[in-house]
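Novice: Below are the sequence and a predicted model for it; my questions follow.
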Number of protein chains: 2
Amino acid sequence: MSRPPKTDPEPTVQDEAARAGWLYYVAGMTQDQIAAEMGVSRQRAQRLVSRAMADGLIQVRLNHRIGACMDLERALRDRYGLTRCRVLPGLGPGADPVPGIASAAAAELERFLRMPDPLVIGFGTGRALRGLVDAMEPLEAPQHRLVSLIGNIAPDGSASFFDVVMRISDKVRAPHYPMLVPVVSPDESLRAAFHALPPVQRVLELARTADVLFVGVGQMSNDAPLHTDGFVSSDELAQMRAAGAAGEVAGWVFDSEGRYLDFGINTRTGGVRVEPGLERPAIGIAAGATKVPAIRGALKSRILNGLITDSATAEALLAPA
Amino acid sequence: MSRPPKTDPEPTVQDEAARAGWLYYVAGMTQDQIAAEMGVSRQRAQRLVSRAMADGLIQVRLNHRIGACMDLERALRDRYGLTRCRVLPGLGPGADPVPGIASAAAAELERFLRMPDPLVIGFGTGRALRGLVDAMEPLEAPQHRLVSLIGNIAPDGSASFFDVVMRISDKVRAPHYPMLVPVVSPDESLRAAFHALPPVQRVLELARTADVLFVGVGQMSNDAPLHTDGFVSSDELAQMRAAGAAGEVAGWVFDSEGRYLDFGINTRTGGVRVEPGLERPAIGIAAGATKVPAIRGALKSRILNGLITDSATAEALLAPA
DNA sequence: TCGCATTGCGGGTAAATGCTCACATGAGAG
DNA sequence: CTCTCATGTGAGCATTTACCCGCAATGCGA
């Protein structure tokens, strides 16, 4: 940019690139026309155009609220090394964020379901996953296998409320493998007994090797799903929080750095936990101010390498910790 | 478009086009990649991208002052004593000059809108101003007031086609003051009656004291906007031209020296006229061979002290009269 | 003046793009 | 209920673009 203020005996610098870029992007001319207009070869015109781009002479902006979301996606990807990230416009404070992100989550799942090669797809549970199911289109995908990561026996012995895997299986006609163990066993030995059953072991093995994982993220505040759904008592919740618990994925509790705790309900939680740093997609579906510390932890240790959220949550996740 | 029967808040609209456009222009992905990313066919991706372009969602701006244009700017400033001048590369003869200068005009307006102190900004009308609006980025600037210089009631009683002030107001969330009088009244006494109304007087006062003015420039040739938009008849146009009319700003006609005529439609034009020699910025946005005599007149008498145009028009303005 | 490396140019070519043309789907009129 | 129109979609194809490769010109140190 240190051009002397002389007149035009030197008309040839990146000025030409600017002019070529102008003609290309604004006037919509083809590179052939630009070449003719400027009296140079097509190849040179092409180089000028691409140089105008590389030098940042051309500024492209998107006049749409989606634009901000796209910028947030990129920022989240960079910050947490995500392989997949989707940010949707928030519905405003106070509104339930689940409907907004559910259809995007459903679209993401459908992308995998449409793949012809058989996949094993693992699912957590929770309201976000339930929203995903509701937003899904029925779709024939019998080549895949759907497996639950989390036990689906509630404390009272019934099947768990949000039986995500079964509902998806209904919609896509794929075989499903429920995890026939309690979400949280009363004690460690009972969990071991369940896990020792051969049918359960087969499901556990399937879940551990799943090609794709879709999970929600639970917060540890007083409205923790684990608590409101009756899996932990208020006292135990408070204890775990005092010990640093920040959130949970598939019932497994971790701290603000995303490290799994080795006490509390983690000794009694059924099913498999999502290991940090997987190469396979591990996609979190979660939004809301109260979930921010939980999501941040899961992203930091790469328990999740993909995220679907809303713009307000994305901004909070990008704010300095 | 297969609409999911579910209650999606905003399932899919041109949001997809915006997303595709962002991926294409900002992220630099190929249409194949976009198709894979969004789970649609390549053809659809291409359609989305081109729609994003057609809908004006994508805005391209050039961050470089081409040497030749800078020289023209300086020459125009010197010749006509302009305080602001911006010359953009022409798009070639025959091409519509409006898109080229619109984004520069939008940038100029945005500079004023970003000022924290409240301003009163006055606007004329016409295609150039309309192009400006389309090129503008949405921007929160509620501290300013936007006022129309020109009446916005068309001959048939409808609101005028290019309701610039309202559209800008939409984009920047600033209060706006339309000029509720006919662009051109049938006779002098009717104009006086309109102007005597107290609400109109308040708007007139606001318009007279506006801190910044953005206006187009109309030519008096057979394609005069005043004529094509139905405000003057062919006969009247010819009469005025015979009497020396060279152009008009905000509906007020002047001769080749920029002196306002005191007959013809000037006795019936609503709104305020831009007085020559203002200290406050009075910025004209105009380009095209047919407008050259009009622009020259407006510059000569300093009706305008700022100009945004293209290189071809700038050269014509600098040619000896 | 002579290597010798660096840079820019034109040619050629594979990939990407846009465009047109049938065909499906659905709404609305008859 | 059928026909028609309007809209959207996928496929094929011509055009346009991006990239790779020799070649020549220029700059530089020996």
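Specialist: Now that the structure is in, tell me what you want to look at. Keep in mind that what you see is a predicted model, and the values were worked out from it rather than measured.
Novice: CA only for contacts and neighbour counts going forward, please
Specialist: Will do.
Novice: all strands of the stretch 51-200 of chain A, in order?
Specialist: Assigned by DSSP state E, counting those that start in this stretch, the strands in the stretch 51-200 of chain A fall at A:58-62, A:84-88, A:120-123, A:145-148, A:176-177.
Novice: Can I get these in CSV including mean neighbour count and distance to DNA strand D?
Specialist: Shown next, in CSV, are the strands of the stretch 51-200 of chain A (neighbours: other C-alpha atoms under 10 Å in any protein chain shown; distance: least, C-alpha to the nearest atom of the strand, whole Å):
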stretch, mean neighbour count, distance to DNA strand D
strand A:58-62, 19, 13
strand A:84-88, 23, 21
strand A:120-123, 24, 25
strand A:145-148, 26, 25
strand A:176-177, 22, 28
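Novice: May I see those organised as JSON lines, with mean pLDDT and distance to residue A:308 added?
Specialist: Converted to JSON lines, these look like this (pLDDT from 0 to 100; distance: least, C-alpha to C-alpha, whole Å):
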{"stretch": "strand A:58-62", "mean pLDDT": "82", "distance to residue A:308": "21"}
{"stretch": "strand A:84-88", "mean pLDDT": "92", "distance to residue A:308": "5"}
{"stretch": "strand A:120-123", "mean pLDDT": "96", "distance to residue A:308": "15"}
{"stretch": "strand A:145-148", "mean pLDDT": "95", "distance to residue A:308": "20"}
{"stretch": "strand A:176-177", "mean pLDDT": "93", "distance to residue A:308": "24"}
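Novice: Make CSV out of these and add distance to DNA strand C.
Specialist: Conversion of the strands of the stretch 51-200 of chain A to CSV gives the following (distance: least, C-alpha to the nearest atom of the strand, whole Å):
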stretch, distance to DNA strand C
strand A:58-62, 15
strand A:84-88, 21
strand A:120-123, 29
strand A:145-148, 28
strand A:176-177, 29
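Novice: So for residue B:297, which of the ones you listed sits nearest?
Specialist: For residue B:297, the closest of the strands of the stretch 51-200 of chain A is strand A:58-62, at 34.4 Å, according to C-alpha to C-alpha.
Novice: what sits against the one residue in the stretch 151-300 of chain A that gets nearest to DNA strand D?
Specialist: Closest residue of the stretch 151-300 of chain A to DNA strand D, C-alpha to the nearest atom of the strand: residue A:172 (19.3 Å). Contact analysis of residue A:172 by C-alpha atoms under 8 Å, 6 or more residues apart in numbering or on different chains lists A:138-142.
Novice: Same check on residue A:138?
Specialist: Contacts for residue A:138 were tallied using C-alpha under 8 Å, 6+ apart; they are A:171-172.
Novice: Could you point out the bridge partners of whichever residue of the stretch 201-321 of chain A sits closest to DNA strand D in the sheet?
Specialist: Proximity of the stretch 201-321 of chain A to DNA strand D (C-alpha to the nearest atom of the strand) peaks at residue A:308, 23.8 Å away. Under DSSP bridges, the beta-bridge partners of residue A:308 are residue A:86, residue A:285.
Novice: Based on its surroundings, how many neighbours for it?
Specialist: The local packing of residue A:308 (other C-alpha atoms under 10 Å in any protein chain shown) involves 24 other residues.
Novice: Okay, angle between the helix or strand where residue A:44 lies and strand B:58-62 too, please.
Specialist: Following DSSP states H and E, one finds residue A:44 within helix A:42-54. Counting by axes from the mean of the first three to the mean of the last three C-alpha atoms, to 10 degrees, helix A:42-54 lies at 100 degrees to strand B:58-62.
Novice: who touches helix A:42-54?
Specialist: Identification of contacts with helix A:42-54 by C-alpha under 8 Å, 6+ apart yields A:14, A:16-18, A:20-21, A:24, A:31-32, A:34-35, A:58.
Novice: can you map out the helices along the stretch 201-321 of chain A?
Specialist: Ranges of helices in the stretch 201-321 of chain A, per DSSP state H, counting those that start in this stretch, are A:225-228, A:234-242, A:292-300, A:311-318.
Novice: Reformat those as CSV; add mean neighbour count, mean pLDDT and distance to residue B:128.
Specialist: Converted to CSV, those look like this (neighbours: other C-alpha atoms under 10 Å in any protein chain shown; pLDDT from 0 to 100; distance: least, C-alpha to C-alpha, whole Å):
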stretch, mean neighbour count, mean pLDDT, distance to residue B:128
helix A:225-228, 18, 91, 57
helix A:234-242, 15, 93, 62
helix A:292-300, 25, 97, 47
helix A:311-318, 21, 95, 36
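Novice: Okay, and the beta partners of the residue nearest to residue A:177 when sequence neighbours are not counted?
Specialist: Closest residue in space to residue A:177, ignoring its immediate chain neighbours: residue A:147 at 4.7 Å, by C-alpha to C-alpha, 6 or more residues apart in numbering or on different chains. Under DSSP bridges, the beta-bridge partners of residue A:147 are residue A:122, residue A:177.
Novice: can you list the domains in chain A?
Specialist: Chain A breaks down by automatic domain parsing into domains covering A:1-60, A:65-318.
Novice: coming back round to it: sort out for me which of the contacts of helix A:42-54 are in strands.
Specialist: Counting by DSSP state E, these place residue A:58 in strands.
Novice: What residues of stretch A:60-73 count as buried?
Specialist: For stretch A:60-73, the neighbour count (16 or more other C-alpha atoms under 10 Å in any protein chain shown) marks A:60-64, A:66-67, A:69-70, A:72-73 as buried.
Novice: sorry, back to before: what separates the residue nearest to residue A:177 from residue A:21, distance-wise?
Specialist: Between residue A:147 and residue A:21 the computed distance is 52 Å (C-alpha to C-alpha, to the nearest Å).
Novice: and the closest residue in space to residue A:211 that isn't next to it in sequence, what does it touch?
Specialist: Nearest residue to residue A:211, sequence neighbours excluded (C-alpha to C-alpha, 6+ apart): residue A:120, at 5.3 Å. Residue A:120 is in contact with A:144-147, A:206-207, A:209-212, counting by C-alpha under 8 Å, 6+ apart.
Novice: Low-confidence regions, the stretch 1-150 of chain A specifically.
Specialist: Along the stretch 1-150 of chain A, the parts satisfying pLDDT under 70 run over A:1-13.
Novice: Quick check: residues of it near DNA strand D?
Specialist: Taking C-alpha under 7 Å from any atom of the strand as the contact definition, the stretch 1-150 of chain A meets DNA strand D at A:29-32, A:43, A:46, A:49-50.
Novice: what about the residue of the stretch 51-200 of chain A found nearest DNA strand C, neighbour count?
Specialist: DNA strand C sits closest to residue A:51 of the stretch 51-200 of chain A, with a gap of 10.8 Å, by C-alpha to the nearest atom of the strand. By the criterion of other C-alpha under 10 Å, residue A:51 has 19 neighbours.
Novice: can you map out the strands along the stretch 201-321 of chain A?
Specialist: Taking DSSP E, counting those that start in this stretch, the strands of the stretch 201-321 of chain A run over residues A:212-216, A:218-219, A:245-249, A:252-255, A:282-285, A:306-310.
Novice: Next up, the contacts around the residue in chain A positioned nearest to DNA strand C.
Specialist: Nearest to DNA strand C, among the residues of chain A, is residue A:41, at 4.4 Å (C-alpha to the nearest atom of the strand). The neighbours of residue A:41, taking C-alpha under 8 Å, 6+ apart as the test, are residue A:35.
Novice: Next, it: phi, psi?
Specialist: Main-chain dihedrals, residue A:41, degrees, to the nearest 10: phi -80, psi 160.
Novice: hmm, back to that, distance to residue B:193 for the buried residues of stretch A:60-73 - can I get that in CSV?
Specialist: Formatted as CSV, the entries for the buried residues of stretch A:60-73 read as follows, by distance: C-alpha to C-alpha, whole Å:
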residue, distance to residue B:193
A:60, 49
A:61, 47
A:62, 46
A:63, 42
A:64, 44
A:66, 48
A:67, 49
A:69, 52
A:70, 54
A:72, 55
A:73, 58
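Novice: Distance to chain B added to these, as CSV?
Specialist: As requested, the buried residues of stretch A:60-73 are arranged in CSV below (distance: C-alpha to the nearest C-alpha, whole Å):
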residue, distance to chain B
A:60, 5
A:61, 5
A:62, 5
A:63, 5
A:64, 6
A:66, 7
A:67, 7
A:69, 9
A:70, 7
A:72, 12
A:73, 11
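Novice: No further queries at this time; thank you.
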